[in-house]
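Undergrad: please work out how this folds:
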Amino acid sequence: MANIKSAIKRVQIAERNRLRNKSYKSAVRTLIKKTLGAIDRYAANPSTEAMQEVRQQMSLAYSKIDKSVKRGVLHINNGARKKSRLVKALRRVEPTQSAAS
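TA: Alright, predicted model coming up:
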């Protein structure tokens, strides 16, 4: 354990940031899973309600990914890759539908 005051403070800040990062990463993973689940449900039974749910879940996931990038939890390229993979998954099940959210 650190004995110097500034080192103690750095340990506390590192722990605070670690918990914040963990929270954001967990939320991003959860929203991505929910979005992929909504896409699967849409693929099984295409309807306007299912597409509405997909768009809502994708919007929530995009928002959380962008916030994570803005706060430095995710690298900008990592966030872009996650968003790209969501759109790619949607286009696989609905190639004619525009996936821009």
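Undergrad: from here on, just use CA atoms for contacts and neighbour counts.
TA: Fine.
Undergrad: Pro3 sits in which helix or strand?
TA: If you look again at residue 3, you'll see it is Asn, not Pro. Using DSSP states H and E, Asn3 is not contained in any helix or strand.
Undergrad: name the helices or strands packed onto the biggest helix by length in the chain?
TA: Ordering each helix of the chain by length in residues (DSSP state H) puts helix 5-44 first. Here helix 5-44 touches helix 48-70, helix 76-93, going by 3 or more C-alpha pairs under 8 Å, 6 or more residues apart in numbering; DSSP states H and E.
Undergrad: most centrally placed residue in this structure?
TA: The centroid of the chain falls nearest to Val28 when counting by C-alpha atoms, centre = their mean (3.2 Å).
Undergrad: check contacts around that residue.
TA: Counting by C-alpha atoms under 8 Å, 6 or more residues apart in numbering, Val28 touches Ala61, Lys64, Ile65.
Undergrad: just among those residues, which is most surrounded?
TA: The residue in the contacts of Val28 with the most neighbours, by other C-alpha atoms under 10 Å, is Ile65 (27 neighbours).
Undergrad: tell me the contacts of that residue?
TA: Ile65 is in contact with Val28, Leu74, Gly79, Lys82, Lys83, counting by C-alpha under 8 Å, 6+ apart.
Undergrad: returning to that earlier point: and the helices and strands packed on helix 5-44 as JSON lines, adding mean pLDDT and distance to Ala14?
TA: JSON lines is the format used below for these (pLDDT from 0 to 100; distance: least, C-alpha to C-alpha, whole Å):
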{"stretch": "helix 48-70", "mean pLDDT": "96", "distance to Ala14": "17"}
{"stretch": "helix 76-93", "mean pLDDT": "96", "distance to Ala14": "21"}
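Undergrad: tell me the pLDDT of the closest residue to Met51 other than its chain neighbours.
TA: Excluding its sequence neighbours, the residue lying closest to Met51 (C-alpha to C-alpha, 6 or more residues apart in numbering) is Tyr42, at 6.3 Å. Looking at Tyr42, its pLDDT is 94.
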